[in-house]
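[1] Structure for this input, please:
(one chain, ligands or ions: 1)
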Amino acid sequence: MRRPIIVGNWKMNMLISDADEWIAGLLKNSYLTEALDIVVAPAFTSLAVLRDRIEKSGIKLAGQNIGQEIGGSLTGEISATMLKDAGCSYVLLGHSERRQYFAETDEIVNKKISIACNQGLNIIFCVGESLVERNNGRTNEIIEAQLSSGLANLNLIQLSQLAIAYEPVWAIGTGHTATPDQAQDVHLYIRAWGKKLFGTNFAESTRVLYGGSVKPETSKSLMNQSDIDGLLVGKASLKIREFCDIINSLF
Ligand code: PEP
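    Prediction:
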């Protein structure tokens, strides 16, 4: 049985003062962490504040990125160890916005995943096809290529720290959520691919999240699909009421 997981990705939004008010709302629902993982990925600047507020609540923190080296002279970058120091147990990697706007290749994503694994972080590894790729019938091919390159040379112990997020690029930030059937098809494909490459245990234990314009109205029907284990929520996570509605729609 895979434990459900809901992740809020704030992207480049919210100030420390916003974070303080937001987390107060979420803490009222923190008893739900008995039943699912609730993870928040704020901007780096809000991490330490949230770490202190969520202490002993069961809510978990994620970084939105790490640098591609363990440490050193890389001005402006944040290391995996720094994320842990700031209270993170998770990191998002391979997000389409990083791929698109920061030229992150599959090879860079693979390097970051390897570093994050070795530093003991749980990884939410994002994959997804563009609209053109979907319309050309290339969805599975694109997903498989991203998975194969992103997870190259990782061993089963490292892979046990992994969750995969299927985030169709055409659904992110567009308001067009994938239908439950569209998402389920790709999740099933990801699980079958995982079984072929890494075996039944990996396929059955690895959580596969859906992300892309998830709203309180769409969350339940997505989570009702047998291969959707969690949700990665961008815009709707910025309003604490909507994020809590998404969490509560599962019950
Ligand atoms: C995301 O960026 O991971 C995401 C899912 O965003 P949104 O929910 O806004 O589409």
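[2] how many neighbours does the residue of the stretch 151-251 of the chain found nearest the ligand have?
    Of all residues in the stretch 151-251 of the chain, the one sitting closest to the ligand is G234 (2.1 Å; CB to the nearest ligand atom). In this view, the C-beta of every residue, glycine as well, is placed from N, C-alpha and C. By other CB atoms under 10 Å, the residues close to G234 number 22.
[3] Surely it and T174 touch.
    No. G234 lies out of contact with T174 (CB atoms under 8 Å); the separation is 10.6 Å.
[4] which residues are common contacts for the two?
    S213 (CB atoms under 8 Å, 6 or more residues apart in numbering).
[5] thinking again about what came up before, contacts only, for the residue of the stretch 151-251 of the chain closest to the ligand.
    9, 11, 172-173, 211, 213-214.
[6] filter those residues by proximity to the ligand?
    Checking the contacts of G234 against the ligand by CB under 6 Å from any ligand atom, the ones in range are 9, 172-173, 211, 213-214.
[7] Can you say which of those are buried?
    The neighbour count (16 or more other CB atoms under 10 Å) marks 9, 172, 211, 213-214 as buried among the ones next to the ligand among the contacts of G234.
[8] Just want the residue of the stretch 1-150 of the chain that's nearest the ligand.
    N9 (4.5 Å).
[9] what's across from that residue in the sheet?
    A41 (DSSP bridges).
[10] correct me, but it touches A41?
    Yes. Using CB under 8 Å, N9 is in contact with A41, at 4.7 Å.
[11] Pull up the overlap in contacts between the two.
    If you check N9 and A41 against CB under 8 Å, 6+ apart, the residues they both contact are 62, 64, 92.
[12] Not counting whichever helix or strand L61 is part of itself, show me its contacts.
    Assigned by DSSP states H and E, L61 belongs to strand 60-63. With CB under 8 Å, 6+ apart as the test, strand 60-63 has contacts from 7, 9, 37-42, 44, 47, 50-51, 54, 78, 83, 86-92, 121, 124.
[13] what's the helix or strand that it is followed by in contact with?
    Going down the chain from strand 60-63, the next helix or strand is helix 80-85, by DSSP H and E. Helix 80-85 is contacted from outside by 47, 63, 66, 70-71, 91, 115-116, 118-121, using CB under 8 Å, 6+ apart.
[14] tell me what the next helix or strand after helix 80-85 is packed against?
    Downstream of helix 80-85, the next assigned helix or strand under DSSP H and E is strand 88-93. Under the contact criterion of 3 or more CB pairs under 8 Å, 6 or more residues apart in numbering; DSSP states H and E, strand 88-93 touches strand 5-9, strand 37-41, strand 60-63, helix 106-118, strand 122-127.
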